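with the sequence up front, the predicted model follows.
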Amino acid sequence: MVPAISEEGVISPYKELMAYEYLYAVEGTSRSKVSNLIQRNGGFPSTAADAIDGIVPDEEKRSEVIRYVKGRLGTFSVLVDGTPQFPHGLRAQKNPLPVFYYRGDINLTQSRCISVVGTRHPSERGEHAAHRIAAALVRHDFTIVDGLATGIDTVVAKTALEAEGRIIGVIGTPIDRYYPKENEDLQELVATEHLLISQVPIYRYDHQSIKTQRFYFPERNITMAALSEATVIVEAGETSGTRTQARACIEQHKKLILLPSVVEQTTWAAKMAEYGAVLAKSVAEVLTTIGCNSADGDCRTRMPAPLR
C-alpha cells in the first residue's frame, strides 16, 4: 500500500504516483517527454507536474486522474527514485522514469539478475536452448528477469519456477492488468511469490487505443535491460522487440549475449557484435561470459567478467 499523505521532507510515493499519472495524461506526452520534464524540474514527478500547471493549469484533468487511479490502489505498491530500495540500474536507462509499480518481494532487485528473452514464436531448438540456459542460471543462483510474454519468455519463466529459482516479471501493461491472457496464472504466481514490475501509467493506458498501447512493450524491454547485468537473446526475428533490449544493453553498457540462431536469422545481430555483443554457442559459454565457472557450480561472489 502507498501512504495517502506526505510528511514534511519525506518523499511521498502517493504524491509522486499521482503526479506521474498526471504527467502521462497530459495531451501529447510520451515517455521521453515525461522523463525530460521530470529531469528538468528537480527529478520528481510532483515538481514537474507543478511546473506544467504553472504554465497551463488543468485542475480538472488532475482531479480526474487522481479519482481514477485511487480506485485501483490497494493491490500494488509504488517505489520512487530517491528512496533506498530504488534499483540503481533504472537510473542508467535512456529516458529514465523515477516511479515504478510493483507487487511482491522488492529485495529481488538487489540480487544478481539476468534477462533471457526471445521470440514469441520459437522453434523447438529455441525452446530447448531457453530451457537449458534458464535452468543453468537458476543453479548458479541468478534471478531471472522475464517479460512474461508467450514463446521464449514463457519457457524461461516456467523453467525457473520448476527449478525453484527466482523471477522478476516486467510487464508492458499496468501492474493490475494481465497480458497475454493465457499467462494470467503465471503472472499472478510471479506477483505473489516473486516480483512483478511495471512502469506503465494506469490512466493513460486505459484511455488510449490498443494500437498505441503496444508501444509500452519495447519500453518494457528497456527496463528489463536496466534491471539486469546481462541479457541473453535466445532466438529472434528481424523485427523482434528483443532488438530494443539488445540496443538498450549496448547503450547501458550491459553484457549482451547472442545465441547462434539470432546471428543466423537477423541482420541487426552483426551490428550488435560490432558494439561488444558476445556470441555464445553453449550454456558453458553463456556462464563464462557472465563471470561463472560452469564446473564449480557457484558464482554468487564472483564479479562479472568483462566483455570480450
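Noted; the coordinates are in hand.

quick check: mean pLDDT of the helix or strand hosting Met18?
Per DSSP states H and E, Met18 falls inside helix 13-25. The average pLDDT within helix 13-25 is 95.

what residues are up against the residue nearest to Ala191 when sequence neighbours are not counted?
Distance criterion C-beta to C-beta, 6 or more residues apart in numbering; nearest residue to Ala191, sequence neighbours excluded, is Arg103 at 4.0 Å. Bear in mind the C-beta positions are built from the backbone N, C-alpha and C, glycine included. When contacts are counted by C-beta atoms under 8 Å, 6 or more residues apart in numbering, Arg103 touches Thr75, Phe76, Ser77, Ile175, Ala191, Thr192, Leu195, Leu196.

looks to me like the fifth one is in a strand.
I take that to be Ala191. No. According to DSSP: H, G, I helix; E, B strand; the rest coil, Ala191 belongs to no strand; its state is helix.

mind listing the strands for the protein?
Under the criterion DSSP state E, strands of the chain are mapped to 77-80, 99-104, 113-117, 143-146, 166-170, 195-198, 230-233, 255-258, 278-279.

and the residue lying closest to Gly169 once chain neighbours are set aside, how far is that from Asp153?
Once flanking residues are discounted, Gly169 sits nearest to Val190: 4.1 Å by C-beta to C-beta, 6+ apart. Computed with C-beta to C-beta, to the nearest Å, the distance linking Val190 and Asp153 is 11 Å.

anything in contact with each of the two?
Applying C-beta under 8 Å, 6+ apart, one finds that Val190 and Asp153 are jointly contacted by Asp146.

for the stretch 51-200 of the chain, which spans come out with low pLDDT?
Along the stretch 51-200 of the chain, the parts satisfying pLDDT under 70 run over 55-57.

one more pass at 50, please.
Applying pLDDT under 50 to the stretch 51-200 of the chain picks out no residues at all.

how about the helices of it, start to end?
All helices of the stretch 51-200 of the chain, identified by DSSP state H, counting those that start in this stretch, fall at 59-70, 124-139, 152-162, 184-193.

for the residue nearest to Tyr101 when sequence neighbours are not counted, phi and psi?
Leaving aside its sequence neighbours, Tyr101 sits nearest to Ile175 (C-beta to C-beta, 6+ apart; 3.9 Å). Main-chain torsions, Ile175, degrees, to the nearest 10: phi -60, psi -20.

Ile175 touches Leu195, doesn't it?
No. The pair Ile175 / Leu195 is not scored as a contact, 11.2 Å apart, by C-beta atoms under 8 Å.
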